[in-house]
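Chemist: what's the 3D shape of this:
(one chain, ligands or ions: 1)
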Amino acid sequence: MVPTKQPSGTTSHKHPHRTAQRRIRTRPHRVGGIPTGADTIGGMRVVVVGAGVMGAWTALWLRRRGHVVTLVDRFGPGNQLGSSGDESRISRSSHGPDSHYPRWQRRALTQWRDLERAAGLQLFEQSGVAWLVSEGETFEADSLRVLTDLGIPVERWSHDDFARRVPQLNADAVPWAVFEPEGGALFARKAVVATVDRFVAEGGEVITGRVVAPIDERGDAVDAVRLDDGRTLTADAFVFTCGPWLPDLFPGALGDLITPHRQDVMHFAVPRDGRAYGPESLPVWIDFGGSFYGFPTFNGLGLKACPDWLGPIERCDESARACADATVDAARQVLRRRFPALADQPVVHTWTCFYEVTPDANFVIDRHPRLADAWIAGGGTGHAFKHGPVIGEYLSALVVGDSTAEVAPPDDRFAIRARQPSPSFRTSGRNPLEAASA
Ligand SMILES: Cc1cc2nc3c(=O)[nH]c(=O)nc-3n(C[C@H](O)[C@H](O)[C@H](O)COP(=O)(O)OP(=O)(O)OC[C@H]3O[C@@H](n4cnc5c(N)ncnc54)[C@H](O)[C@@H]3O)c2cc1C
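Modeler: Reported below is the predicted structural model:
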């Protein structure tokens, strides 16, 4: 369990040694015209708001860099209302023609595995990831080429290979497949809790409380945030990793850069002897053209099967968070085709969360455009979880202005600015059932 500190009702949360500390300069330091962060490293007092995967890893990385860090979350770390609160998330290297994200995914996976060892817990199941290729799509062929060039293990399976190796998945109309033997499933919520536990073990502080909007500003800085119980947290730097709540917190700064789409998640019961649907027999599978994906059954949870096309736009605090009957029907249609033996199995678990969608599917990791001591990270666009450790590594370097770090900022792809729409890094995003009924 993550030890959390309930707010004690005091009005200030300044770092006790802050007066003895050198006040770190956090005004923008420009390299090539791009703000890179504070120009002094070490000894900062940092408040990280939001303990999902991005906040948890950013807090841990800042702590490891020697800073005094408080992590605040309105529902507590490992909650089920944030996007990181699901049971499982895919870790895969394929990102079509892009070679940035495969590198980050591999680096992040190493850090997840290090965390597993440190925590003595299983956080990742290396089931492999199979991409079902659709005629006319180039995503998988591009991925195969990029991963091969990068030296990341990847296999090309013919239709017959697939039918032989995964007979329980009907591969009709799948001419070939890309198989990532080192991909698999991260146990998401458990992994976030383990990250926060690690942060606490390394001297970090965790508080449960909601930072209220609007964020108070003094000139060009934040200086302090208020919690819903009246307490105030002061710091040298503030990091906001509030997932799908970010547009509510920073409507002016973000505009329509991040849009929250409700996504429905379903688990279906597997037959009593369900070994064919466990990770030893069934990889994670992704149908790029069909915008559908699924996981083998882990920990008795049943087979997960979900659409990847964008769900309705809803504000998190106003959403009923109910999985739509239409989505369950859509999942059954896919099961009927791909896993006929499961098509009429009962739904044993449903859940909803939000894709925080940016127009170009690149994350947002940048300094607030006006507030010199505030950084914003989010816009996971349905593919950020696996990268969490490296997002934290990158963001911590950005906050302290370390442009010599191995994962070094700045990187313009994450900037807060208007973006051109471009293809998703997950699937085609098209809903083939809608197209069929049109
Ligand atoms: C259905 C679904 C499937 C996905 N599949 C994958 C996948 O297979 N692989 C993958 O890599 N990624 C996947 N993703 C994306 C990934 O899960 C998210 O992008 C990622 O978890 C977002 O993490 P985050 O830390 O930005 O936000 P969150 O996890 O939402 O964390 C934000 C935190 O901020 C807190 N907070 C918000 N407002 C405040 C406030 N005012 N004060 C204090 N605390 C606050 C919340 O309580 C929350 O805990 C998927 C997402 C969804 C929804």
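Chemist: low pLDDT regions in the stretch 101-250 of the chain?
Modeler: Across the stretch 101-250 of the chain, not a single residue meets the criterion (pLDDT under 70).
Chemist: Show me what from it comes close to the ligand.
Modeler: Within reach of the ligand by Cβ under 6 Å from any ligand atom, the stretch 101-250 of the chain has these residues: 210-211, 241-245, 249. Where you see a C-beta, it was placed from the backbone N, CA and C, and this is true even at glycine.
Chemist: Which one of these is nearest to Ala59?
Modeler: Ala59 has its nearest neighbour among these in Thr241, at 8.7 Å by Cβ to Cβ.
Chemist: Roughly how far does that closest one sit from Ser428?
Modeler: With distances defined as Cβ to Cβ, to the nearest Å, the gap from Thr241 to Ser428 amounts to 29 Å.
Chemist: If you count surrounding residues, which of those two has more?
Modeler: Thr241 (31 against 19; other Cβ atoms under 10 Å).
Chemist: The more buried one: what's it in contact with?
Modeler: Under the criterion of Cβ atoms under 8 Å, 6 or more residues apart in numbering, the contact partners of Thr241 comprise 48-52, 54-55, 58, 376-378, 395.
Chemist: again, 6 Å this time
Modeler: Remark: with contacts taken as Cβ atoms under 6 Å, 6 or more residues apart in numbering, Thr241 is in contact with 50, 54-55, 377.
Chemist: Kindly indicate which of the residues you listed lies nearest Pro279.
Modeler: Met54 (26.4 Å).
Chemist: Quick one: list the elements packing against the helix or strand hosting the closest one.
Modeler: When secondary structure is defined by DSSP states H and E, Met54 falls within helix 53-64. On a contact count with 3 or more Cβ pairs under 6 Å, 6 or more residues apart in numbering; DSSP states H and E, helix 53-64 meets strand 45-49, strand 68-73, helix 188-201, helix 388-400.
Chemist: In JSON lines: those, plus mean neighbour count.
Modeler: Below are the helices and strands packed on helix 53-64 laid out as JSON lines (neighbours: other Cβ atoms under 10 Å):
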{"stretch": "strand 45-49", "mean neighbour count": "28"}
{"stretch": "strand 68-73", "mean neighbour count": "26"}
{"stretch": "helix 188-201", "mean neighbour count": "23"}
{"stretch": "helix 388-400", "mean neighbour count": "27"}
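Chemist: so the residue in the stretch 301-438 of the chain that the ligand sits nearest to is in which element?
Modeler: When distances are taken as Cβ to the nearest ligand atom, the stretch 301-438 of the chain reaches nearest to the ligand at Gly380, 2.0 Å away. Secondary structure assignment for Gly380, by DSSP H and E: no helix or strand.
Chemist: Tell me who's in contact with the nearest residue to it once chain neighbours are set aside.
Modeler: Among residues not flanking Gly380 along the chain, Glu356 sits closest, at 5.2 Å (Cβ to Cβ, 6 or more residues apart in numbering). Residues near Glu356 by Cβ under 6 Å, 6+ apart: 243-244, 258, 260, 378-380.
Chemist: among those residues, which are in strands?
Modeler: Among the contacts of Glu356, the subset assigned to strands under DSSP state E consists of 260, 378.
Chemist: Validate this expectation: Arg106 resides in a helix.
Modeler: Yes. In this structure, Arg106 lies within a helix as judged by DSSP: H, G, I helix; E, B strand; the rest coil.
Chemist: mind listing the helices for the stretch 201-350 of the chain?
Modeler: Counting by DSSP state H, counting those that start in this stretch, the segments of the stretch 201-350 of the chain that form helices are 246-249, 251-254, 325-338.
Chemist: One more: the stretch 1-150 of the chain?
Modeler: With DSSP H, counting those that start in this stretch applied, the stretch 1-150 of the chain shows helices at 53-64, 100-119, 139-150, listed in chain order.
Chemist: Out of the ones you listed, the one nearest Pro77 is which?
Modeler: The closest approach between Pro77 and any of the helices of the stretch 1-150 of the chain, judged by Cβ to Cβ, belongs to helix 53-64 at 6.5 Å.
Chemist: How far off centre is that closest one?
Modeler: Taking the mean C-alpha point of helix 53-64 and that of its whole chain, the gap between them comes to 13 Å (Cα atoms, centre = their mean, to the nearest Å).
Chemist: hmm, that helix in reach of the ligand?
Modeler: Yes. Helix 53-64 is in contact with the ligand by Cβ under 6 Å from any ligand atom, via 53-55.
Chemist: ok so, going back, can you redo the residues of the stretch 101-250 of the chain next to the ligand as JSON lines, where the extra columns are distance to Asp197?
Modeler: As requested, those are exported to JSON lines (distance: Cβ to Cβ, whole Å):
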{"residue": "Arg210", "distance to Asp197": "22"}
{"residue": "Val211", "distance to Asp197": "22"}
{"residue": "Thr241", "distance to Asp197": "18"}
{"residue": "Cys242", "distance to Asp197": "21"}
{"residue": "Gly243", "distance to Asp197": "20"}
{"residue": "Pro244", "distance to Asp197": "24"}
{"residue": "Trp245", "distance to Asp197": "23"}
{"residue": "Leu249", "distance to Asp197": "26"}
